[in-house]
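S.K.: fold the following, please.
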Amino acid sequence: MSSESILYSPYNLPCGVTVRNRLVKAAMEENMSSMGNLPGESLYALYRYWAHGNLGMVITGNVMVDKAAMTGPGGVALESETELAPFEKWAKIIKSNGALAVMQINHPGRQVFKAMKGKAIAPSAVPLDMGKHSKLFAQPREMTCQDIHDVCKRFVQTAKQAEKAGFDGVEIHAAHGYLLTQFLSPLTNQRQDEWGGSIINRARLLINIVSQVRAVCAKDFIVMVKLNSADFQKNGFSFDDACEVVNRLEALGVDVVELSGGSYEAPAMQGQTRDDTTLAREAYFLEFAHALESKTDIPLMTTGGIKRAEVAERVIQQGCELVGLASALAITPDLAKKWQQEWSYSGIIPHCAWKDKSLASLANMAMVRRQLRRLGNNLTTLRNPSPLWSLILDMLHRKKMTKRDVN
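M.R.: As a prediction, the model looks like this:
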């Protein structure tokens, strides 16, 4: 059954590139860079597992467009003057068994940890509301028009550098509460100029970036956008807003829109919301993708909570062209291959059920990152990691990486 499944059929992207199957390793934040925020041996070892896992496409974790603005310690950054050799090796490893290599490029905006001592900027000076954990994050300053143009330029330069390094494309991150999402959401964008107000104005930065990347990169260079289906916060970025943005992106020839949702404040990407929306237990955003499918011709991909082949297949049957796998690939990096051998095989996604939702969210991410570090050290993964011990280990690792990166 697995060999006949649509999951293992090829798909032709609008730019002319063919993905050998519909299964995509979606981005996860690894915090595993070498000195200088460059990819190194740990990331190479980790990505070799995915490269040989029979996936159609592998999307990297966050690559920052500004070394002074990182989502966390141990992150990777690619700027106009960054040495390309480590990125060339990274791309070569990812592509070594036939998968396409796509670099996710991002700017954190206000989602910067205070300990990183980096620059926290946002469309408006609205701080993160993480309850008692808010103090962990820097107070953002409102961006000037010059700041906005600088960010746009950086995204375009990073995309061009990724192409030079041998990557097949980029995914522009406009989800999960990072800078481009902050522009899209009326909760974080309270500007009164051409960058705020209507959804057209709030989407202006994203649209400018996409159009310029399309202009400077080759016609067969894949351009993807990761977009929230909604903020899942009251009066935030809505599904109607998402539809409007997708219509604009379609006109620019975007190859794939990956639908996700949420932010640090409302981690819907982990199945949690703050506006009483109920998400599915698996394929969290499939309902939104199915609703959007009739409104656009852009190929869609959805990621979030997928660990079984039958659910992945349902994603394709209900209107998506690609299926994103993330946390499940942290524990079972060859999950796509296992499904070919045993259709009923179920992957594992760590879940923490603590009452403190913010702390539980951090523990969930810590459990995933712990597995990624184990793979990067060529160790076997743990099927049932302790949330508490994972969080402690993650905090120690982040402290070590912060000391290295800040000093």
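
S.K.: packing partners of the helix or strand of the chain at the bottom of the mean pLDDT ranking?
M.R.: The helix or strand of the chain with the poorest confidence is helix 286-293; it has a mean of 79 (mean pLDDT, DSSP states H and E). Contacts of helix 286-293 with other secondary structure elements, assessed using 3 or more CB pairs under 8 Å, 6 or more residues apart in numbering; DSSP states H and E, are made with helix 239-251, strand 256-260, strand 300-303, helix 309-317. All C-beta spots, glycine's among them, are computed from the backbone N, C-alpha and C.

S.K.: for Ile59, which of the ones you listed is the nearest?
M.R.: strand 256-260 (8.2 Å; CB to CB).

S.K.: returning to what we had before: can I get the helices and strands packed on helix 286-293 in TSV with distance to Arg141?
M.R.: TSV is the format used below for those (distance: least, CB to CB, whole Å):
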stretch	distance to Arg141
helix 239-251	25
strand 256-260	27
strand 300-303	32
helix 309-317	40
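
S.K.: which one, of these, ends up nearest to Pro350?
M.R.: With CB to CB, the closest approach to Pro350 among the helices and strands packed on helix 286-293 belongs to strand 300-303: 16.1 Å.

S.K.: which residues touch the residue sitting nearest the centre point of the chain?
M.R.: The residue lying closest to the centre of the chain (CA atoms, centre = their mean) is Ala27, at 4.3 Å. Ala27 makes contact with Ile59, Thr60, Gly61, Asn62, Gln104, Glu171, His173, Lys226, Ala326, according to CB atoms under 8 Å, 6 or more residues apart in numbering.

S.K.: please name the nearest non-neighbouring residue to it.
M.R.: Setting aside the residues directly before and after it, Ala27 is nearest to Gln104 in space (CB to CB, 6 or more residues apart in numbering), at 4.3 Å.

S.K.: quick one: the one you found and Lys226 touch, right?
M.R.: Yes. At 7.1 Å, Gln104 counts as touching Lys226 under the criterion of CB atoms under 8 Å.

S.K.: between the two, which is the more surrounded one?
M.R.: Lys226 (26 against 22; other CB atoms under 10 Å).

S.K.: beta partners for the more buried one?
M.R.: Lys226 has the following beta-bridge partners by DSSP bridges: His173, Glu258.

S.K.: next, show the common contact partners of Gln104 and Lys226.
M.R.: Here Gln104 and Lys226 have Ala27, Glu171, His173 as joint contacts, going by CB under 8 Å, 6+ apart.
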